[in-house]
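J.: Pasting a predicted model and its sequence here:
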Amino acid sequence: MSLVRTNGDLTPRLPALFNDFFNRDLFDWNLSNFFNAGTALPSVNIWETEDAFEVEMAAPGMRKQDFKVQLNGNTLSISSERQEEETLNGRNYTRKEFGYQAFHRSFVLPKDVVDEKKIKARYENGVLHLVVPKREEARKKPRLIKIS
């Protein structure tokens, strides 16, 4: 419960208070990264090294065959679509969300930098790892400047 400072007149705030209370799911603890269906948009870490871009995507509970990774021009896209087939015969449930998860994340990489033939991906311990190597000519190399 939070305290709200007012000028003594609660009437204008009551409709907003009731709307907020009744529009929330009882079990929703305000996890802002989650959709209404209870699935999360996977969080991503991306960093650049001298030789490559590296991507980590937290996606626990997935299988490697659930992912689709594409490079189209300089746009890296990671998506997944998974539908769980489960039988609930004989179970007495009061609430069941459909077993369907899908997401799509896209990232724009610098133009003409990626060596698309050498991209590597692996899924391990709930994290998708991508190594997106840079072309040899795009790698940052120190340039020796002659002093006259």
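T.: Right, received. Where do you want to start? Numbering: from 1, shown residues only.

J.: Could you list the low-confidence segments of this protein?
T.: Filtered on pLDDT under 70, the chain yields the residue ranges 1-40, 84-89, 93, 96-99.

J.: in it, which spans are strands?
T.: For the chain, the strands defined by DSSP state E cover 44-48, 52-58, 67-72, 75-83, 100-108, 120-124, 127-133.

J.: could the ones you listed go into a markdown table alongside mean neighbour count and distance to residue 90?
T.: Where C-beta positions appear, they are placed from N, C-alpha and C, glycine not excepted. Listed next are these as a markdown table, based on neighbours: other CB atoms under 10 Å; distance: least, CB to CB, whole Å:
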| stretch | mean neighbour count | distance to residue 90 |
| --- | --- | --- |
| strand 44-48 | 12 | 40 |
| strand 52-58 | 18 | 35 |
| strand 67-72 | 13 | 34 |
| strand 75-83 | 15 | 22 |
| strand 100-108 | 13 | 23 |
| strand 120-124 | 12 | 34 |
| strand 127-133 | 19 | 36 |
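
J.: So which of those is nearest residue 140?
T.: strand 44-48 (9.5 Å; CB to CB).

J.: So what angle separates the directions of that closest one and strand 100-108?
T.: Interaxial angle, strand 44-48 versus strand 100-108 (axes from the mean of the first three to the mean of the last three CA atoms, to 10 degrees): 20 degrees.
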